[in-house]
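Colleague: okay, predicted coordinates and the sequence, questions at the end:
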2 protein chains.
Amino acid sequence: MDLSPLAQILPEIEARRTFKASRIFTIEELKLKFHNGEERVYERIVGGRGAVMIVPYDGTHFYLTAEYAGGLHQYSLGLVKGKIDEGESGQEAALRELAEEIGLGARRISLLRAPVTVAPGMLELSMHLYLAEDLYPHQLSGDEPEPIQIIKASPAEVKDLIFKPDAPLHEARAAFALTLALHKIGAL
Amino acid sequence: MDLSPLAQILPEIEARRTFKASRIFTIEELKLKFHNGEERVYERIVGGRGAVMIVPYDGTHFYLTAEYAGGLHQYSLGLVKGKIDEGESGQEAALRELAEEIGLGARRISLLRAPVTVAPGMLELSMHLYLAEDLYPHQLSGDEPEPIQIIKASPAEVKDLIFKPDAPLHEARAAFALTLALHKIGAL
């Protein structure tokens, strides 16, 4: 596999402009000149210190979530996730979100993959994916509008969620995290 | 596996406001009242008719891409992708993007998964993932600033890209599409 095309000369940033587009979104406009002389204006959503997504596993079941997803206006099957706060490591953020969102602590937490991107054409956002094991009850209060419901699934059920075409798992990053978690525990 | 938490009563949209935040981004602000009475204001990026991502497979190799990703300002390993134009089906968009981006036609195209979301907390964006087979040369001109480079990878190499922690594949939706494609050809 020849990966040399990933080492192409980057477009030159001829000008850039950042503006707060709303209460939560900041947009950066980049005026780019590609190596071949072509010019384009790109826009991207910037900001934040990245985010984490966590796959909790108790030895027999994975803990997925049913959380309201504003982008879709529906309850969506996913995983505990959240932003990395200032001064936090990815692992610290993962443990905090796990306690805030579903009331669990983990004596063992391991990185499945980082960086993971979700829409690199337009989002600067980059994520860390973790596997959390040796779970125990540990509730921290967060800023959720309502308790996040847990959906427990066995490795075989998670495999179906990933591979069955009509499965109710739609989120690509959750599917990737679960794929890596199944592989890590030897179930894929 | 008890999926009933996905059927919770949706928050009520008490007010909504949409505004063009920039040349390409439109933001919708939702004032929500959750079932328990909690109120929140959410924001999401809206618009478009969805997008497609395509895994081309010639019987021995998958065709990945090295494309400039504005969100990260780097060349990113991914797959042919693009927006669905007005009046197009997902499959038509997939075939058009395949020809525009890497000069290929496909006599066989099959849906791997839809809908697939990437950041459902803040993006309305939903995607269709396709497997394209029986490939032949077929170039259409698109709006790319530069030719998109192809990176060919065997099924074994794609497996490494998915599972090796330090592999240069970062994009979750591409990883999910390749996982489904490997499974479909019987290699996972």
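Modeller: Sure thing, it's come through. Not measured: the values here are computed from a predicted model.

Colleague: chain neighbours aside, what residue packs nearest to A:A106?
Modeller: A:A132 (3.7 Å; C-beta to C-beta, 6 or more residues apart in numbering or on different chains). Quick note: C-beta positions are derived from backbone N, CA and C, even for glycine.

Colleague: the closest residue to A:R23 other than its chain neighbours: neighbour count?
Modeller: In space, A:R23 comes closest to B:E43 once its chain neighbours are excluded; the distance is 6.3 Å by C-beta to C-beta, 6+ apart. Other residues lying near B:E43 total 19 when counted by other C-beta atoms under 10 Å in any protein chain shown.

Colleague: do A:Q74 as well
Modeller: Residues lying near A:Q74 (other C-beta under 10 Å) number 14.

Colleague: on that earlier part again, does the residue nearest to A:R23 have beta-bridge partners, and which?
Modeller: B:E43 forms beta bridges with B:E29, as assigned by DSSP bridges.

Colleague: mind naming the longest strand for chain A?
Modeller: Counting residues, the longest strand found in chain A (DSSP state E) is strand A:104-117.

Colleague: can you list contacts of stretch A:60-67?
Modeller: Residues outside stretch A:60-67 that contact it (C-beta atoms under 8 Å, 6 or more residues apart in numbering or on different chains): A:55-57, A:75-80, A:101-102, A:104, A:135, A:148-155, A:158, A:174, A:178, A:181, B:3, B:5-6, B:8.

Colleague: just the strands in chain A please.
Modeller: Counting by DSSP E, the strands of chain A are A:12-20, A:26-33, A:39-46, A:51-56, A:62-69, A:74-78, A:80-83, A:104-117, A:126-137, A:149-153.

Colleague: now the longest one: buried residues?
Modeller: By neighbour count, and taking 16 or more other C-beta atoms under 10 Å in any protein chain shown as the criterion, the buried residues in strand A:104-117 are A:L104, A:G105, A:A106, A:I109, A:L112, A:R113, A:V116, A:T117.

Colleague: next one: the third one
Modeller: For strand A:39-46, the neighbour count (16+ other C-beta under 10 Å) marks A:R40, A:Y42, A:E43, A:R44, A:I45 as buried.

Colleague: which ones are touching A:A156?
Modeller: A:A187.

Colleague: just the buried ones among the contacts of stretch A:60-67, please.
Modeller: Counted by 16+ other C-beta under 10 Å, the contacts of stretch A:60-67 give A:55-57, A:75-80, A:101-102, A:104, A:135, A:148-151, A:153, A:155, A:158, A:174, A:178, A:181, B:5, B:8 as buried.

Colleague: give me the number of residues near the residue nearest to A:A106?
Modeller: 25.

Colleague: how much space separates the nearest residue to A:V55 once chain neighbours are set aside from B:R107?
Modeller: Nearest residue to A:V55 in three dimensions, chain neighbours excluded: A:A181, at 4.2 Å (C-beta to C-beta, 6+ apart). From A:A181 across to B:R107, the span is 37 Å (C-beta to C-beta, to the nearest Å).

Colleague: and what of A:Y75?
Modeller: For A:Y75, the distance to B:R107 - C-beta to C-beta - is 40 Å.

Colleague: what does A:R107 give?
Modeller: Distance from A:R107 to B:R107, by C-beta to C-beta: 53 Å.
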